[in-house]
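*Asks:* Got a predicted structure here, sequence first:
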Amino acid sequence: MRIMNQAIHVNAKNLSGPGRWSDMDMLEVGNPGMTIDEQASHFAIWSMFKSTLMVSTHISTVSRAARDILLNEDLISINQDPAGLPVELVQRFMADHDVFAGELENGDRAVLLLDQSNSTRTLSIDFASLGVASATVKDLWSGQTNESLTSYSQQVSPHGSLPLRLSDIKLLPKEPANITWIQAESGLLEDGADVQECSGCSGLAKAGSIYSDRGSLTLSGIKVSNTTQDVLFDYINCEIGYLADQGPNVRKAAISVNSGVAQAVEFPLTGKFFTACFFLQRVHRSETPTDDHVTCW
């Protein structure tokens, strides 16, 4: 997960591709330390991120289950796709699952759902979230193919994965994004948080010194009319940890809406703005837009 989070911004900034492949380090499939489902997820991530695939286990004694992972022709095909485009993070549902997707040379799409829970459960995806009305779907673990689907669900084990290949894709009409940006430094900064110079930021400034134990930022006057709302955060975080004891390469934060219960989020290393995919719980409901406030620390 540490290496995966490190590579997310590489994919988002189009830094990996023909002539400049990511080397996410040796595959650990077949080695001790992970369940077989975690090993499968590991291989799916490396394959779809277009990393070089270097086996590091003793192939003469590898288990049948691990061997089947390493010889999955569908995932190897995606890894070796001539376009060389890695999947990008679409959404991160905190402590639940990640959704990745990317284009393939022939117009197909690679999709990966990665479980982050600790229980056996069903992972699902509505293809509308990818701008897809319907598609033929191949489950790359089971090998099963189904035509003209608008969504897909499958049971996975803890930390399991659901790699898919979409073909015969029918797209939904594109709708322009309706986004209102608020300068973070215009908010209420408390408990040591401050405004700092930032040459690469809009307004040449940023809100900083916001830590887990001190510093908070409150943005008010946010107009919403739905019971749930996705919020985009444009942030800076490039403190890369290359060693296992240096953390998971994320920026952790707690976000509260209208003084409600704080929800934990994890921002990967920066590459572009990141959609914080948690539900903002409204204290009240209204048919007309009302002023809300969001506090981050």
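*Replies:* Yes, it's here. Numbers count the residues shown, from 1 in each chain.

*Asks:* where does Leu75 land in three-state SS?
*Replies:* Of the three states, Leu75 takes helix under DSSP: H, G, I helix; E, B strand; the rest coil.

*Asks:* That one reaches Met48, doesn't it?
*Replies:* Yes: with contact defined as Cβ atoms under 8 Å, Leu75 reaches Met48; the gap is 7.4 Å. Glycine gets a C-beta too; all of them are placed from N, C-alpha and C.

*Asks:* any shared contact partners between these two?
*Replies:* Counting by Cβ atoms under 8 Å, 6 or more residues apart in numbering, the residues touching both Leu75 and Met48 are Pro163.

*Asks:* need the next SSE after the longest helix belonging to the chain, C-terminal direction.
*Replies:* The longest helix of the chain (DSSP state H) is helix 36-48. Counting by DSSP states H and E, the next helix or strand C-terminal to helix 36-48 is helix 64-70.

*Asks:* so what does that following helix touch, helix or strand wise?
*Replies:* helix 36-48 (3 or more Cβ pairs under 8 Å, 6 or more residues apart in numbering; DSSP states H and E).

*Asks:* ok, and for the helix it packs on, which residues are buried?
*Replies:* The neighbour-count check on helix 36-48 (16 or more other Cβ atoms under 10 Å) flags 36-48 as buried.

*Asks:* tell me what it is packed against?
*Replies:* If you count contacts as 3+ Cβ pairs under 8 Å, 6+ apart, helix 36-48 packs onto helix 64-70, helix 73-79, strand 109-115, strand 161-171.

*Asks:* could you redo the last one with a cut-off of 10 Å?
*Replies:* Helix 36-48 is packed against helix 2-12, helix 64-70, helix 73-79, strand 97-103, strand 109-115, strand 151-156, strand 161-171, with contacts defined by 3 or more Cβ pairs under 10 Å, 6 or more residues apart in numbering; DSSP states H and E.

*Asks:* Counting neighbours, which bits of the second one end up buried?
*Replies:* Think helix 64-70. Neighbour-count burial for helix 64-70, counted by 16+ other Cβ under 10 Å, picks out Ala66, Ile69, Leu70.

*Asks:* closest to Ala264 among those?
*Replies:* Closest to Ala264 out of those is Ile69 (31.3 Å), distances taken as Cβ to Cβ.

*Asks:* what about the residue nearest to Met1 when sequence neighbours are not counted, neighbour count?
*Replies:* Using Cβ to Cβ, 6 or more residues apart in numbering and skipping the chain neighbours, the partner closest in space to Met1 is Pro248 (5.4 Å). Here the number of neighbours of Pro248 (other Cβ atoms under 10 Å) works out to 15.

*Asks:* if I look at Pro248, how far off is Ile210?
*Replies:* 19 Å (Cβ to Cβ, to the nearest Å).
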